[in-house]
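> Just need the structure, nothing else, for what follows:
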Amino acid sequence: MVVHNIGSRLVQAVSYQAEKAVYFCSAENLPANQKVHELRRGFKRLRALLRFYYMVPDSQAIQLQTDIRHFGKLLAPLRESAVNAELFEKEIVSSAIVAEKKIRNARELLAGKNKLLLEKGFWDNNLHNTIRTFFNGFDQLLTGSKLELPAKVHFHREICQTYLSSYIYYNQMPQVPDAGEWHDLRKKLKRLWYQLDFIRFLHPRYFKLKTDQLNKITDQLGDDHDLHVFAEDLLAGGYGFSEEELRIMNNRIENLREMNRLKLQPRLKQLFTAPPSEFEQKMDRFFKI
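Numbering: from 1, shown residues only. Sure, this is the predicted structure:
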């Protein structure tokens, strides 16, 4: 009976994420950076869930997902500017490798860049209201025309395909992947994480193990991406650092990335111990197919 209710559970999960988006756009007591962060997190989960609708006749899921991806891209520079300021405090200021006067100047510039991006890219352009309006009518767009609910075969097929795609991508990565390849892997594993998290009620013990693994791995991949973006921003100049200071800071960031990747590799190997055929057999049992 649990498997047969999965379509209704999906509607509830999607509606909940849409309601959260409206809340974060409307809440007056939250900092703008927190709003942006929470919105982007919700968008990623929604996009993973909407893929379950792809094979449903007359579904608008692909277009809705495209619209949500567009919102996420608009918010990305805002989020990156906030993370850059946080990383500057955590990794550069705390290490005392730059003179205090230059630290104060860079801190002000990073904060100013973030403030300007928030003003122009979230408030002045009315993006917060555009997103709120979009999600206010989201349920109607997705289910308002008596759209058929995804069947268990749709969930089964999508999850197996997501695992297969992630498995192939990971195994075809070069020995020394670049930042873009790590980031692409993260996007695939985020999708897998959100999809497995949704169906974890089918077999809580197995899916808790997998989602815990994916949570740690995607966090580490996120750290790698954040450090890469931060280094690029510093090296682009404009913060008043000398070439030697930039070299020292970049070396520190690269060392942090390297240590992160050393911890990451065994976790990835453990995650992908099961070939896609074995993973699909497990899904067959869980979905009773």
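> what residue ranges in this structure score low on pLDDT?
1-4, 143-146 (pLDDT under 70).
> Could I get the full set of helices for it?
6-26, 32-50, 61-87, 100-118, 127-136, 138-143, 152-171, 179-198, 204-235, 243-271, 276-287 (DSSP state H).
> now the ones you listed in JSON lines, with distance to residue 93 and mean neighbour count?
(C-beta placed from N, C-alpha, C; glycine too.) Formatted as JSON lines, these follow (distance: least, C-beta to C-beta, whole Å; neighbours: other C-beta atoms under 10 Å):
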{"stretch": "helix 6-26", "distance to residue 93": "29", "mean neighbour count": "17"}
{"stretch": "helix 32-50", "distance to residue 93": "18", "mean neighbour count": "20"}
{"stretch": "helix 61-87", "distance to residue 93": "10", "mean neighbour count": "18"}
{"stretch": "helix 100-118", "distance to residue 93": "6", "mean neighbour count": "16"}
{"stretch": "helix 127-136", "distance to residue 93": "31", "mean neighbour count": "17"}
{"stretch": "helix 138-143", "distance to residue 93": "41", "mean neighbour count": "17"}
{"stretch": "helix 152-171", "distance to residue 93": "35", "mean neighbour count": "18"}
{"stretch": "helix 179-198", "distance to residue 93": "24", "mean neighbour count": "19"}
{"stretch": "helix 204-235", "distance to residue 93": "13", "mean neighbour count": "17"}
{"stretch": "helix 243-271", "distance to residue 93": "11", "mean neighbour count": "14"}
{"stretch": "helix 276-287", "distance to residue 93": "44", "mean neighbour count": "15"}
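> Can I get these in a markdown table including distance to residue 94?
Putting the helices of the chain into a markdown table (distance: least, C-beta to C-beta, whole Å) gives the following:
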| stretch | distance to residue 94 |
| --- | --- |
| helix 6-26 | 30 |
| helix 32-50 | 20 |
| helix 61-87 | 10 |
| helix 100-118 | 11 |
| helix 127-136 | 33 |
| helix 138-143 | 42 |
| helix 152-171 | 33 |
| helix 179-198 | 23 |
| helix 204-235 | 14 |
| helix 243-271 | 11 |
| helix 276-287 | 42 |
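> now stretch 280-289, how far from the centre of its chain.
On the basis of C-alpha atoms, centre = their mean, to the nearest Å, stretch 280-289 sits 27 Å off its chain's mean C-alpha point.
> go on, stretch 15-35?
On C-alpha atoms, centre = their mean, the centre of stretch 15-35 falls 17 Å from that of its chain.
> And the contacts of it?
Stretch 15-35 is contacted from outside by 38-39, 42-43, 45-46, 49, 78-79, 82, 114, 118, 122-123, 128-129, 131-132, 135-136, 138-139, using C-beta atoms under 8 Å, 6 or more residues apart in numbering.
> hang on, isn't residue 65 packed against residue 48?
No - the pair residue 65 and residue 48 fails to qualify as a contact (C-beta atoms under 8 Å) at a distance of 9.3 Å.
> for residue 158, what are its contacts?
51-52, 54-55, 195.
> Now do it against residue 232, distance only.
34 Å (C-beta to C-beta, to the nearest Å).
> ditto for residue 218
In terms of C-beta to C-beta, residue 218 sits 21 Å off from residue 232.
> Could you do residue 254 as well?
Following C-beta to C-beta, the distance that separates residue 254 from residue 232 is 12 Å.
> now swap in residue 252 and tell me
From residue 252 to residue 232 the distance is 15 Å (C-beta to C-beta).
> Same check on residue 198?
34 Å.
> for residue 287, same thing?
For residue 287 relative to residue 232 (C-beta to C-beta), the value is 43 Å.
> And for residue 225, nearest residue in space, chain neighbours not counted?
Distances taken as C-beta to C-beta, 6 or more residues apart in numbering put residue 183 closest to residue 225, at 4.9 Å, once the chain neighbours are dropped.
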